[in-house]
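Student: Kindly generate the corresponding structure for this input.
(chains A and B)
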Amino acid sequence: MRPPILELRGVSAGYGAIEVLHDVDLVIERGQVVALLGPNGAGKTTTIRVASGQVRPTTGFLHVAGRDVTGVSAGALARAGVCTIPEGRGIFANLTVRENLWMATHGGPSLGEVEECTYARFPRLAERRTQVAGTMSGGEQQMLALARGLAVDPVMLLLDELSMGLAPKIVAELYEQVAAIASEGVSVLVVEQFARTVLGVADHTILLANGMVRWSGATADIGDTALAEVYLGQGRSADPTPDTTTSPSPGGTAP
Amino acid sequence: MLALLDVDKLLTFTIIGLSTGAIYAIIAAGLVVTYTTSGIFNLAHGATGMLAAFTYWQFRFAWGWPAPVALVVVLLMLCPLFGAATERFIMRGLKGTTEVIRLTVTVALFAGMLGLANWIWPPDGSRVAFRRFFEGNTVPLGGINVSWHRVITLACAVLVAAALRYIMFRSRAGVTMRAVVDDRDLAELNGGRPDRVAMLAWALGAGLAGLAGVLLAGEQQLNIEPLVLLVINAYAAAILGRLRSLPWTFAGAALLGLLDSYYLGYLDGRIIPSTMFGFSLNGLRASIPIIVLFIALVAMPVSRLRVGAVRFREKHREPVWSTSLLGAVLLVTFVIAISGMLTRANTLLAINGFVFAIAALSLVPLTGYAGQLSLAPMTFAGLGAIAMAKLPGNGSILTLAGAILIVAGIGAIVALPALRLSGVYLALATAAFAVLVSKLVFNQRQTFQTGNIDVPTLAIPFVDIGSPRSRLILLSVAFAVLGLCIVALRRSPLGRRLIALKDSQAAAATLGMNLTATKVAAFAISAGIAACAGALVGDKVSPQQYDFLQSLPVVLLAVVGGVASVAGALLGGMLLGGSLVLVILAPAMTNISKVLPGAIGITLGRNPSGASEQIAENFRALAGRWGLISVAVAGGTGVWFLANRGIISNWSFVFAIAVWTLGVVPNLPALAERFDRRTVSAGIWLAAGMAAAAFIDWGTAVGSSGWRLLVLIAVVFTIGPIGERLLDRSPRVRPGSPDAIGLTDDLTPLEVEDAERRIGVVL
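Tutor: Now for the predicted structure:
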C-alpha cells in the first residue's frame, strides 16, 4: 500500500507558551478531498500552518508521502509540491498579476507555462496581467491565488478559508475549480469555518474543536448532531434549560 | 545681474552638484534596497562605504595594484561578501525584535567598523594620497572642462539606476525581493527563499555603498569621520524617497547635490554672510543636507497607527520599591567603600563611567519604556554642560535645576516636530538634531569659546566637593537618586502610559490617551536627565565629547545593558567607562577597545532584553530566601574584609567579588536544593574557583590591566556556567524522528524509563 500523502501524527503545536493543537492525528490519502471544519479558534489555521511547515510542532511528526518532514522549512515543502493558499488573499498586493505568477515558478515550471495554464482557466486574469494585484476585486484576487494551486501541478493543495469575504456566487465558482483540481488526482485539504460551503466537494471530513479532533469520517456519514456539537460545544444541545432555541438539533446526544 | 547669467559658471556648479548628488544617489539606493527587503535601516551603511574606500586605497595606492583589479576585488568580491555575511550572521538573528533593537545592532556595526578603520588606518599616519580616476584629465563639455572623475561618477549613477530598475522588475530575484517586502510568509509558501533574497539584497547594498565610498574618497580624500558623516547626508536622499521609491531617491539626491554646490557658488559669503548677530554660520553649508533631512522628516505624512497584536522577544518587569531602594543604598555604599582604594586615574575613570551611566539612564524612559529611539543623548548632555557653566549661581543647586529645566524644554521643543514620527524616522530626526547642534551650536564662540568650558562642580552647603573622590561619590548619589526617580516614574500613571505607547499606539489612542502629551513628556524627561550627565561633570569639557558620534556608543551600551531598567543603564555606562579603562590603562588594548562596543552590540540578536535582565533573572531565584541572601552578603563582605586588611591584593579583590556575585551567588539556590553527588562536585568546583580568584595575585600574574580585564571576564564566564552545568538536573530533551531513535542512536536510560512508563510496564 502506498503511504498517505499527508499525515500529522500526534501533533501538538502553538505559539510561544500557548498550545493550540493537542495531540492531533490527521491522515489524507492520495486523491482525497478532505474538509477540515470547526468553529473560531478550533485550530484549523494552525493545522494548515503545521502541514505547510510554517509552524514546527512541539511534539509529534509531519509526514508527506511517507517521509518524515518535521521541521522542514515552508519553502522547501512548497518546492517539493505542497501548495498552500493561506487565509486572506494569498497574493502579493503590490506586485502585478504577471509578477505574482512569476513567484509561482519557484517550484519548477517556467513563467510561460504558469501564465498559459492560468489564463486558460481564468481568462479575466489575462486581461489584467499588468495590473497591480492589490487593485483587483476580491474575487479576482482569490482567483489569482488559486491559479497558483492549478499552475504548479502540486501533489497536495492546502486551502485556508477560500470563501472569506466573498460573494456566494464567486465562492461557488472557486470551488468548481477546486473540484476540477481534485478530479485530476491532486489531494486537497480545505479549511472552512462555514461547513455548508465545502461539504459538497469533500469526500472526507474532519471536525476540529479546541485543538482536538472531534469527529472524522466520510462526509456522507456526518450528521447535524456532530456538526452542532462541535460548533456549539459538547452537551449544549442536551442542556435541559429552555435556552436552547438557537440550537438546530434539539435531540442531541448526552455528553 | 551679469553674474547670474554667467552660463559657464552655472554649468560648472550644476555639474559639480550633480556629481555630488550622484554619489548620494548610489549610496541612498543601496540603503533603500536593504531597508525594503529586510526592514532593517542600516545606519552602518555609510561606514561600509568608508571601509570599502580605505580597502581600495590600500590595494590601489599603498600596494600599487592596477585600478581595475583593485576595483573588482573591492566592489565585486569583498563588499558583497561582507554584506552577505552581515545578513547571514547578524541581521538574520533579529527576527521578532523591536525596531529599537534592530537599529541598535546597526549602530553597533557602525561603531565596530569605525573602530576597525581607526585601528587599521590610524588617523595620524601619513599616507600616499588617494587620487581620482584619471586625475588631471578633463573632458570638454558644453564649453567647460569636466574632470574624468566627475564624468565617471555621473555615469555610475546612471548605470546603477538602470541596473536596479532591471533587477527589481525584470528578474525573478528582484521580483522575489519585492514579494518578500509585501508578505514574507507568502513568499516562502510560494517556494521562494526569503533568507537568500535578503542576503542578496545586503550584498547588493554593500556593493553600492562601496562604490559610493570609493567615488566619494576621490572627492574628499580619506578621512574616516568626514567620510562617514558625509554619507549620513545621503540618508536625506533616501528619506526623500520615503525609503521606498528609487526614482524619488535619485531625484532627492540630485536636489541635495545641487543645493550644496549652488550654495557654495552663489550664496556663501555673498548673500548669506559668514556671521549673523555675532553667531558664526561656518557650519551652515555642511548642515544643508541635515536641514533638508529634518524638513523631509517633518513634512512626511503621518504614518498610520499600526493595529494588531505586537509580540516581542524582550521581557521586562516593573521594578519593585524594596529592591530598588536596596540597590540604590548598596550602590552608594559600594562606591564609598571602594573609593578609598582607587588610584586617582581610576577614580576619574569611574566618574566617567557614572557620567555615561546617567546619559544612558536618560534613555530608559524614552527608549526603554516608550520605545522611541533617540540618537542624541550626549547632545542633550552637552547642552546641559553649557547651561550649567553659563547660568548664574556658579554651580548651585538652583543652577542645576535651571539647566535641567532649560534642556528639558529644548527636548520638548525638539519632540514637537518629531512627534509625528516613530521608529527609524524618529531616530534619524534625533540624529539630524545632534549633527545640527554640533555644527551650528557647539562651534560658536558663545558656547565653547576656547574649545573648552569649565563646568563648575555642584555646590552643596556644608559639603566640600573638590576632590575627585567626592565627585565620584556625588555622581553615584546622583545616579541613585535619578534611578529612584525613574522607578517612581515607571510605577506612576505616566509610566504606564509610556509602556502603553510602546506596546500599541493604536490601542492607547482608542483608549483616549493623548499620544502627543505623552511623547513630549518622555522627551522632556529624557532630555532633563541627559542634562544632568553634562551638568554634573564638574570638569573641563570640550565639544568633541558631545558630538553625534559620541552618542552612538552610549545608546548602544544602554541597550546592551538593558535599556528598560535602571540597572541596565548603570551596566551600560560602566561597560562604556570600562572600555575607556582599556584605552588608558593598557595602550596595547586601545585597538580592541575601539571594536569592543560594536562587538558586544552585535550579540543583541541573541539576547534582546539586555544583559542586566539576564543577570537579574539569575538573581531572582534568591528572592525571599533570606538564608541564601545572607550567605551571599556575607561572602561579599568577607572578600572586602580580606582586601581591606591587605590579605589579598586589590586586583584579587576585583576578581573574587566578580566571581562571587556573578559566578557563585546565582548557583546558590541549586546548591542548597538537595545534597547529592552533583552538589558536591559543583561545590568543589565553585570553591576552587573562588580560591583561585582570591589567592592568585592577578596584579603580578597578568602583565597589563587590559589583559587582566579580559582574563577577568573569561574567568567569570568559565566558573559560573560550568557550575551551572554541573548542577543541571533537567533531563535533556532530544528532538528527532521516532523512526531514528533506537536505530541510529542508543536510547538513554531516561528514554527507556519514559517509554516503559508510557506503555505501563512500570508506574
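Student: Can you tell me, leaving aside adjacent residues, what's nearest to whatever residue of chain A ends up closest to chain B?
Tutor: Across chain A, the shortest distance to chain B (CB to the nearest CB) belongs to residue A:106, at 3.3 Å. For every residue, glycine as well, the C-beta is placed using N, CA and C. Residue nearest to residue A:106 in three dimensions, not counting chain neighbours: residue B:191, with 3.3 Å by CB to CB, 6 or more residues apart in numbering or on different chains.
Student: so that neighbour touches residue A:102, yeah?
Tutor: No. Under the criterion of CB atoms under 8 Å, residue B:191 lies out of contact with residue A:102, with a separation of 11.8 Å.
Student: These two: who's more crowded?
Tutor: residue B:191 (25 against 22; other CB atoms under 10 Å in any protein chain shown).
Student: where along the chain do the strands fall?
Tutor: Assuming you mean chain A. All strands of chain A, identified by DSSP state E, fall at A:6-15, A:18-28, A:33-37, A:59-64, A:67-68, A:82-85, A:156-160, A:187-192, A:204-209, A:212-218.
Student: Correction: the question concerned chain B.
Tutor: Listed in chain order (using DSSP E), the strands of chain B are B:138-141, B:144-147, B:275-276, B:279-280, B:453-454, B:540-541.
Student: now the helices for the stretch 151-255 of chain A?
Tutor: Taking DSSP state H, counting those that start in this stretch as the criterion, the stretch 151-255 of chain A contains helices spanning A:168-183, A:196-199, A:224-232.
Student: ok, residue B:723 - contacts?
Tutor: Listed by CB atoms under 8 Å, 6 or more residues apart in numbering or on different chains, the contact partners of residue B:723 are B:663-664, B:667, B:682, B:685-686, B:689.
Student: let me redo that: residue A:43
Tutor: A:20-21, A:24, A:208, A:210-211.
Student: so where's the stretch 201-350 of chain B uncertain?
Tutor: Scanning the stretch 201-350 of chain B with the threshold set as pLDDT under 70 gives B:230-231, B:268-282, B:300-316.
Student: Pick out the residue closest to the middle of chain B.
Tutor: The geometric centre of chain B, computed from its C-alpha atoms, lies nearest to residue B:556 (CA atoms, centre = their mean), at 2.8 Å.
Student: my guess is that one contacts residue B:111, does it?
Tutor: Yes. In this structure residue B:556 lies within contact range of residue B:111 using CB under 8 Å: 6.0 Å.
Student: where does the stretch 1-150 of chain B dip in pLDDT?
Tutor: In the predicted model of the stretch 1-150 of chain B, residues B:1-5, B:96, B:125-126 satisfy pLDDT under 70.
Student: Residues of the stretch 151-300 of chain B that sit close to chain A?
Tutor: Applying the criterion CB under 8 Å from any CB of the partner chain, the portion of the stretch 151-300 of chain B that neighbours chain A consists of B:172, B:175-176, B:178-179, B:181-183, B:185-194.
Student: Select only the buried ones of those residues in ChimeraX?
Tutor: Selection command for ChimeraX covering only the buried members of these, criterion 16 or more other CB atoms under 10 Å in any protein chain shown:
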select /B:175,176,178,179,181,182,183,185,186,187,188,189,190,191,192,193,194
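Student: What about the residues of the stretch 151-300 of chain B next to chain A, which are in helices?
Tutor: Taking DSSP state H as the definition of helices, these contribute B:172, B:175-176, B:178-179, B:181-182, B:185-189, B:194.
Student: Would you check which pair of these lies furthest apart?
Tutor: The distance between the two most remote of these (CB to CB) is 18.8 Å, for B:172 and B:185.
Student: could I get the strands of chain B as a markdown table with mean neighbour count?
Tutor: Output for the strands of chain B, formatted as a markdown table (neighbours: other CB atoms under 10 Å in any protein chain shown):
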| stretch | mean neighbour count |
| --- | --- |
| strand B:138-141 | 12 |
| strand B:144-147 | 16 |
| strand B:275-276 | 10 |
| strand B:279-280 | 14 |
| strand B:453-454 | 17 |
| strand B:540-541 | 16 |
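Student: Quick check: buried residues in stretch B:115-126?
Tutor: Going by neighbour count (16+ other CB under 10 Å), the buried part of stretch B:115-126 is B:115-118, B:121.
Student: any idea which of those is closest to chain A?
Tutor: Nearest to chain A, judged by CB to the nearest CB, of the buried residues of stretch B:115-126 is residue B:116 at 34.2 Å.
Student: how far does stretch B:469-482 sit from the chain's center?
Tutor: The chain centre lies 25 Å from the centre of stretch B:469-482; the measure is CA atoms, centre = their mean, to the nearest Å.
Student: Which of the residues in it are classified as buried?
Tutor: Neighbour-count burial for stretch B:469-482, with 16+ other CB under 10 Å as criterion, is recorded at B:469-480, B:482.
Student: Tell me where the stretch 151-300 of chain B has helices.
Tutor: B:172-182, B:184-189, B:194-220, B:224-240, B:246-262, B:284-299.
Student: And the shortest one, what does it pack against?
Tutor: In this case it means helix B:184-189. Here helix B:184-189 touches helix A:74-79, helix B:172-182, helix B:194-220, going by 3 or more CB pairs under 8 Å, 6 or more residues apart in numbering or on different chains; DSSP states H and E.
Student: Just give me the neighbour total for residue B:688.
Tutor: By the measure other CB under 10 Å, the count of residues near residue B:688 is 11.
Student: and residue 91, what does it touch?
Tutor: In the absence of a named chain, chain A is used. Contacts of residue A:91 by CB under 8 Å, 6+ apart are A:100, A:133-134, A:141, A:144-145, B:186.
Student: Oops, wrong one, chain B.
Tutor: Counting by CB under 8 Å, 6+ apart, the residues that residue B:91 touches are B:38, B:40, B:102, B:105, B:198, B:202, B:605.
Student: ok, of those residues, which one's closest to chain A?
Tutor: residue B:198 (12.8 Å).
Student: from what I can see the closest one touches residue B:90, true?
Tutor: No. Applying CB under 8 Å as the test, residue B:198 and residue B:90 come out as separate, 11.7 Å apart.
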